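Asker: quick one, structure for this:
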Amino acid sequence: MFSGNGQDIVSDTACKQRDLSDVIRKAMHKPPKVKSEKTSSLIAFPIIGSNPATGFMVGLGGQYAFKMKESSLYSMVSGSLQATTKNQYLAIFKNNIYTRGEKIFFTGDWRFQKFSQATYGIGTNAPEGGILDYQFSLAGFETNFDSLAQPMEYNFLRFHQTMAFKLKKSMYLGLGLNIDGYSKIKDLKLNLEPGNEVITSHYAYSKRYNFDTSKYYSSSLMANFVIDKRDNMIQPHTGYFFSFGWRGDLKMLGSQKNANMVKGEWRSYHNVSKRNPIHMVAFWLIGEFSPEGQFPYMTLPATSYDQRSRSGRGYTQGRYRGNQYTYGEAEYRFPISKCGGVWSGVAFVNATSANNPAQKLALFESIKPGYGLGLRIMLDKSTRTNLALDYGFGEKSSGFYLAVSETF
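Answerer: Numbers count the residues shown, from 1 in each chain. Here you go, the predicted model:
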């Protein structure tokens, strides 16, 4: 049997879980550390990478995993400071915390970003492939030509925080506040000069639904119901996670409109080996739904805008968006190391669909797939924290992803 706290992940007593520090100590001919029951783990790491949304980036990140007294589950907080060659600056903090006895579950996503990002239109049928030499519609506005990417610059403030109270074991009912603010918006492709007009998706959507084109805020109350049967949120071996919630924008809180959105999420983990629980298949589903035109363009559900920005491997952040949005992913996780689990791998497939009411594109009428492979290196065996390196492919798109802990 394997233990729920992640100390030993295989049933064979001669094959114990190891991590990167064990490998290094062995290479240096040092004795292994004395086994102890750890209740916390702090990992700091440099951030060096590149992707289409940010260019080359450098920064510093960290993750702290810990257990409260009388709690069997790990909590996790993480954060990072980053700067990129596109003059972007990012400060990010995430929290998923169980209080003592797991009576309250806090979930938070805080960000401030001086950012630039290309947008691509509404729906998963957005025009593709370089400079277009035919007319197409952007939320009902015709334009003679445009490229697929529509670059924007803006300041982004996010404060999402939910506090969920325990109803019974593994079941919670939560309330929260969600604030998304976009200011100093520069729509770089937009040109309103007569005779040379280029109407962007952001401008057309904002005008169509009466939103300010230079700044807007989405300030919401949040209510959600959560069932968390995972044995460990950092790297689950068994169980499932289910969340269903309502988000209501209110003018009295600063939103331009009263609006409603419902969201559901499912994650589950299924072992394919009784000997080694990291050998499994995992599933992730997201659905977000709101009436047409109630939320500002940049606050609509979009690729890689989940709490940890992990969805949509193979595509750049914000590639697909819509007022109705679904995402699904399946991941096969398998051991590479013959004994000890320091090295493991993943293979994944995903699919995204978003609607476009202005073009009468229904949800699931256009679906964009992604797929890829990844490598895992066990950094801390007590908390099951992996270093994750993935390469994903999408339709005319690809990307490299570096992170600490599993994608989901």
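Asker: where does the prediction get shaky in the stretch 101-250 of the chain?
Answerer: Low-confidence segments of the stretch 101-250 of the chain (pLDDT under 70): 127-147.
Asker: now the strands for it?
Answerer: 104-119, 136-138, 141-143, 150-168, 171-187, 216-228, 239-249 (DSSP state E, counting those that start in this stretch).
Asker: of these, which is nearest residue 352?
Answerer: strand 104-119 (15.1 Å; Cβ to Cβ). Placement of C-beta: from N, CA and C, glycine included.
Asker: circling back: okay if I get the strands of the stretch 101-250 of the chain as JSON lines plus distance to residue 266?
Answerer: JSON lines is the format used below for those (distance: least, Cβ to Cβ, whole Å):
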{"stretch": "strand 104-119", "distance to residue 266": "16"}
{"stretch": "strand 136-138", "distance to residue 266": "33"}
{"stretch": "strand 141-143", "distance to residue 266": "37"}
{"stretch": "strand 150-168", "distance to residue 266": "17"}
{"stretch": "strand 171-187", "distance to residue 266": "15"}
{"stretch": "strand 216-228", "distance to residue 266": "10"}
{"stretch": "strand 239-249", "distance to residue 266": "6"}
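Asker: so for residue 403, which of those sits nearest?
Answerer: Going by Cβ to Cβ, the one of the strands of the stretch 101-250 of the chain nearest residue 403 is strand 104-119, 15.3 Å.
Asker: helices of this structure, start to end?
Answerer: Applying DSSP state H to the chain gives helices spanning 20-27, 201-208.
Asker: now the first one: mean pLDDT?
Answerer: The reference is to helix 20-27. The predicted model gives helix 20-27 an average pLDDT of 75.
Asker: which strands and helices sit next to it?
Answerer: Counting contacts by 3 or more Cβ pairs under 8 Å, 6 or more residues apart in numbering; DSSP states H and E, helix 20-27 packs against strand 368-380.
Asker: for the strand it packs on, list every residue counted as buried.
Answerer: 368, 370-372, 374, 376-380 (16 or more other Cβ atoms under 10 Å).
Asker: over to stretch 275-285?
Answerer: Of the residues in stretch 275-285, those buried (16+ other Cβ under 10 Å) are 276-280, 282, 284.
Asker: which one of the strands of the stretch 101-250 of the chain lies closest to residue 357?
Answerer: Using Cβ to Cβ, the nearest of the strands of the stretch 101-250 of the chain to residue 357 is strand 136-138, at 11.9 Å.
Asker: for the stretch 301-408 of the chain, which segments count as strands?
Answerer: Under DSSP E, counting those that start in this stretch, the stretch 301-408 of the chain gives strands at 324-335, 343-354, 368-380, 385-394, 397-404.
Asker: what lies in contact with the shortest one?
Answerer: Contacts of strand 397-404 with the rest of the structure, by Cβ atoms under 8 Å, 6 or more residues apart in numbering, involve 43, 45, 47-52, 61, 63, 78, 310, 313-316, 319, 374, 379, 385-392, 407.
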